[in-house]
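1. Give the three-dimensional model of this entry:
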Amino acid sequence: MQPLIDHIQITVKDLDQAEVFYDQFLPLIGFDLKRKVKAHIAEHDFDVIEYAHSNLAFAITSPRQAFKDEKVHRRKPGSLHHLAFRAESRVEVDRLYEALVSINAPIVTPPRLYPEYSPDYYAVFFKDPDGIKFEMVCNKPE
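-> You can find the predicted model right below:
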């Protein structure tokens, strides 16, 4: 067995606001909006928007009413700390950074080397509207 991820589903506070962000972000990393589907899952009381790709499905989900006012914090037990996508080159990381700036994504740190992680670790960190942290990383030598 290979440790490959089939899909990721993240609960967001405001599905409509998140959809605007993910409709802009996910095509930057290869998702085709023509493969986006929306559904209401009555038995679990949530709405979901799934972005399909041949390598990974990524979905955003509405919160349960009881949790809709909770603040997202990546250091809570059970929370997603951050999600990193692999880039093929540092140029690709830089190109994504410029695109993220153009869509007003909150940038945590612009692209730079992180030698504390590994000698060739080059990444940009950013957040979605709920504060969920993402990373685009290239771990190849220049």
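
2. Give me the phi and psi angles of the residue with the largest distance to the centre of the chain.
-> No residue in the chain sits farther from the centre than Glu43, which is 26.2 Å out by Cα atoms, centre = their mean. Phi and psi for Glu43, reported as degrees, to the nearest 10, are phi -70, psi -20.

3. Kindly report the same for Leu100.
-> Note on Leu100: backbone dihedrals following degrees, to the nearest 10 are phi -60, psi -40.

4. what's around it, how many residues?
-> Residue crowding around Leu100 was assessed by other Cβ atoms under 10 Å; the count is 21. Using the backbone N, CA and C atoms, a C-beta is placed for each residue, glycine as well.

5. in which helix or strand would I find the nearest residue to it once chain neighbours are set aside?
-> Excluding its sequence neighbours, the residue lying closest to Leu100 (Cβ to Cβ, 6 or more residues apart in numbering) is Phe126, at 5.3 Å. Take DSSP states H and E as the rule and Phe126 turns out to sit in strand 122-127.
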